[in-house]
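Visitor: Generate coordinates for the sequence data below:
(4 chains)
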Amino acid sequence: MKILLFGITKDIIGDAQLVWELKEDQKTSNDLLDALKERYPELQKLRSIALAVNGEHADGSELIKQTDEIALIPPMSGG
Amino acid sequence: MKILLFGITKDIIGDAQLVWELKEDQKTSNDLLDALKERYPELQKLRSIALAVNGEHADGSELIKQTDEIALIPPMSGG
Amino acid sequence: MIALKSTQEIDVNEITASVQSDACGAIDIFVGTVRNNFKGKNVSKLFFEAYEPMAISELTKIADQVKNQYQASKVSIVHALGDCKVGEIAVVIAVATPHRKASFDGCQYAIDTLKDTVPIWKKEFFEDGSHWVFSHP
Amino acid sequence: MIALKSTQEIDVNEITASVQSDACGAIDIFVGTVRNNFKGKNVSKLFFEAYEPMAISELTKIADQVKNQYQASKVSIVHALGDCKVGEIAVVIAVATPHRKASFDGCQYAIDTLKDTVPIWKKEFFEDGSHWVFSHP
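Guide: Coordinates of the predicted model:
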């Protein structure tokens, strides 16, 4: 699956998109976020890091499918 | 002296300006206002009526001279 | 910018630009427009008149108060005179401050105070007549 | 009007007109502009990027909340994307309500919420470098 990257996560991961192989034990959005933080430890240093699943802020419990649109959401700063 | 009229006071007095002879006993802006209310009793029916003296809201204590610019200030309704 | 104008001459872009300041990140703008009803009656238009020099002086006092009390860099107030049809602009107040909370508070203070202290009078026209509005005090 | 645009395309008159409603007497408009300093450092420009479809969806949610919670008839929110120089407009929010207090409260709620929930990211450029801003949460 592809994970969309914005702001500082693009700098950390080095691209605008991340191609990610969803593993068996990555069932919820929390599982996926934990796996991403493990793979890219720099993400853990951010004030906050979360996921959006299909264009909605994830609360962690969403069940993830290969076809979902996932985005990494670093601290927002609009306005 | 001339007294400037606005809004409903123009309708009550029937003109945009009132020519007024300042009497001996009309020393303060309160004295003048009282005399105007006596002469035009309709003014007393307004929710409020006040004077401006030389372009400032009068507090009643101002000493009035023939050369002052006086205006009757009915309830304001800008905005 | 402190001004009394016909409603047709009031330009929100121009007023916004008049308060913009590179040290300020926030501009709050209040726009008062003519509503089509008042206490359930259909309003057809408003007419505004002012004791003009005193109105300008009282508007200037309000702008100065907002600058002092809310750390506003610039404040503009433009009020309409003459006829205003439904939907047209009666008043615009713009307040520029470094941070946003003060711009809202200063703008709200300005419109509240304007209604209390500025010698402007509004006549409402209904289908069946007209009357001078007695808002304040 | 809910939109993401270049700062050059943002027109406060157009946004004001987009919320005007004959049943409403009050429009409050918040305009966020680029300040020339941040914590004492000179800012030269900002750059905004967004997760665009989600940003539009979150902005629409905010507009709907303001309509429900503040009895607003119409709400417009336009945010800049790309480069914004000092003094240029980053965001405009306009809220039209029958009476004025609600327009201020609704507009303030909208800008506060925007900063919390809308996936837009800001990069600040200084004379000696740049950084992504971490405002929220």
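Visitor: which secondary structure elements does the worst-scoring helix or strand of chain C on mean pLDDT contact?
Guide: Sorting the helices and strands of chain C by mean pLDDT, DSSP states H and E puts strand C:37-38 at the bottom, at a mean of 85. Using 3 or more CB pairs under 8 Å, 6 or more residues apart in numbering or on different chains; DSSP states H and E, no helix or strand is in contact with strand C:37-38. Quick note: C-beta positions are derived from backbone N, CA and C, even for glycine.
Visitor: Next, the contact list for the closest residue to residue C:91 other than its chain neighbours, please.
Guide: Excluding the flanking residues, the one nearest residue C:91 by CB to CB, 6 or more residues apart in numbering or on different chains is residue C:32, at 4.2 Å. Counting by CB atoms under 8 Å, 6 or more residues apart in numbering or on different chains, residue C:32 makes contact with B:79, C:89, C:90, C:91, C:92, C:111, D:25, D:26, D:27, D:100.
Visitor: please redo it, this time with the cut-off set to 10 Å
Guide: With contact taken as CB atoms under 10 Å, 6 or more residues apart in numbering or on different chains, residue C:32 is in contact with B:78-79, C:79-80, C:84, C:89-93, C:111, C:114-115, D:24-27, D:100, D:103.
Visitor: In helices only, show me these.
Guide: C:111, C:114, C:115, D:100, D:103 (DSSP state H).
Visitor: export the residues you listed to a markdown table and tack on pLDDT, neighbour count and distance to chain A?
Guide: Output for the ones in helices among the contacts of residue C:32, formatted as a markdown table (pLDDT from 0 to 100; neighbours: other CB atoms under 10 Å in any protein chain shown; distance: CB to the nearest CB, whole Å):
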| residue | pLDDT | neighbour count | distance to chain A |
| --- | --- | --- | --- |
| C:111 | 98 | 21 | 24 |
| C:114 | 98 | 24 | 28 |
| C:115 | 96 | 18 | 30 |
| D:100 | 95 | 22 | 23 |
| D:103 | 98 | 30 | 18 |
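Visitor: Including distance to chain B, could those residues go into TSV?
Guide: Listed next are the ones in helices among the contacts of residue C:32 as TSV, based on distance: CB to the nearest CB, whole Å:
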residue	distance to chain B
C:111	6
C:114	5
C:115	5
D:100	8
D:103	13
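Visitor: And the helices in chain C, which stretches?
Guide: Using DSSP H, helices in chain C cover C:12-19, C:52-70, C:100-117.
Visitor: In terms of secondary structure, what does the shortest one contact?
Guide: Spelled out, it's helix C:12-19. strand C:26-33, strand C:74-80, strand C:89-97, helix D:12-19, strand D:26-33, strand D:89-97 (3 or more CB pairs under 10 Å, 6 or more residues apart in numbering or on different chains; DSSP states H and E).
Visitor: closest one to residue A:73 among these?
Guide: For the helices and strands packed on helix C:12-19, the distance to residue A:73 is smallest for strand D:89-97, at 18.9 Å, taking CB to CB.
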